[in-house]
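Participant: Using only what follows, build the 3D model:
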Amino acid sequence: MAEKFVSRGFVGKHRQPDAALRERIPPGQYETKDFPVLSAGPTPRTSLERWTFSVYGEISEDLKWTWEEFLKLPSEDLTVDIHCVTKWSKLDTTWRGVAVDTLLEKVNFVAQPDVKHLIAYADGGYTTNLPLTDVLNKKSWIVYEYDGKPLAPEHGGPARLLVPHLYFWKSAKWVRGLKLVRENRPGFWESNGYHLYGDPWREQRYAGDK
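Facilitator: Just a heads-up that it's a prediction; the model follows:
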């Protein structure tokens, strides 16, 4: 995958959080009203007619949905704060999507002691790794609407992973599948110097950060 970085929206002075918001903004972050864009390469644009989403790996039966089938799954509206590793935080973002719990229920996933991780696969060659404990129990979603509108390609549309309690690179854009695995394998950004886990409250930005 080409590593020509695309960025937009990193403008203006960094506003320090108001006292009332400091408990919502992790250390080293600043609040923004914009929605900056940062990608390592061109924005993938997959037609909805060709789009599919899969759950596979260490499960009894793989499943795949078309776009129309995916939209028929039970969805949720949510409002969350998001925190980018490039130090901006955006509060009260609104999304609609399908909880990862719902997808795992559809494949009849049964917890196994040696299957503790998943890899999110996305268009453009992106991957990211996550512990299962960080995607279950309404901690993550596959979202396809932002602010009441279809999710724009530059922000990961038609669908992206949303894991708001971790740095935003873990919320993989253009996501196409989740693979349950036994090993904690680093994804694209993790293989390029970023932290394996990415907790914003512990400032786990880069490999070596505690």
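Participant: use CA for all of it now, contacts and neighbours both
Facilitator: OK.
Participant: for the chain, what's the longest helix?
Facilitator: Among the segments of the chain that qualify as a helix by DSSP state H, the longest is helix 100-106.
Participant: Can you name the next helix or strand after that helix?
Facilitator: Next in sequence after helix 100-106, counting helices and strands by DSSP states H and E, comes strand 117-122.
Participant: Name the residues that touch the very next helix or strand once past that following strand?
Facilitator: Per DSSP H and E, the first helix or strand lying C-terminal to strand 117-122 is strand 127-131. With Cα atoms under 8 Å, 6 or more residues apart in numbering as the test, strand 127-131 has contacts from 116-121, 170, 172, 184-190, 196-197.
Participant: give me that answer again for 7 Å
Facilitator: Residues external to strand 127-131 that are found in contact with it (Cα atoms under 7 Å, 6 or more residues apart in numbering): 116-121, 170, 172, 184-188.
Participant: Could you identify the buried members of these?
Facilitator: Lys116, His117, Leu118, Ile119, Ala120, Tyr121, Lys170, Ala172, Arg185, Pro186, Gly187, Phe188 (16 or more other Cα atoms under 10 Å).
Participant: Those residues into CSV, with extra columns for pLDDT and distance to Gly148?
Facilitator: Rendered in CSV, the data for these read as follows (pLDDT from 0 to 100; distance: Cα to Cα, whole Å):
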residue, pLDDT, distance to Gly148
Lys116, 97, 34
His117, 98, 31
Leu118, 98, 29
Ile119, 98, 28
Ala120, 99, 25
Tyr121, 98, 25
Lys170, 99, 22
Ala172, 98, 20
Arg185, 95, 34
Pro186, 97, 33
Gly187, 98, 30
Phe188, 96, 30
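Participant: Tabulate those (CSV), appending distance to Ala40.
Facilitator: As requested, those are arranged in CSV below (distance: Cα to Cα, whole Å):
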residue, distance to Ala40
Lys116, 28
His117, 24
Leu118, 22
Ile119, 19
Ala120, 17
Tyr121, 15
Lys170, 14
Ala172, 12
Arg185, 20
Pro186, 17
Gly187, 14
Phe188, 10
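Participant: where does this structure dip in pLDDT?
Facilitator: 1-17 (pLDDT under 70).
Participant: can you give me the helices in it?
Facilitator: With helices called from DSSP H, the chain shows them at 67-71, 100-106.
Participant: Please identify the most buried of the ones you listed.
Facilitator: Sort those by mean neighbour count, taking mean count of other Cα atoms under 10 Å, and helix 100-106 sits at the top with a mean of 17.
Participant: Can you give the contact residues for that helix?
Facilitator: The set of residues that contact helix 100-106 without belonging to it, under Cα under 7 Å, 6+ apart, is Val135, Leu136, Asn137, Lys138, Ser140, Trp141, Ile142.
Participant: can you pull the contacts of Glu203?
Facilitator: By Cα under 7 Å, 6+ apart, the residues touching Glu203 are Pro27.
Participant: at 8 Å what do you get?
Facilitator: By Cα under 8 Å, 6+ apart, Glu203 lies in contact with Pro26, Pro27, Gly28, Asp209.
Participant: Among those, which ones are in strands?
Facilitator: Residues of those located in strands (DSSP state E): none.
Participant: From these, list the buried ones, please.
Facilitator: Taking 16+ other Cα under 10 Å as the criterion, what is buried in the contacts of Glu203 is Pro26.
Participant: Cool, thanks, talk later.
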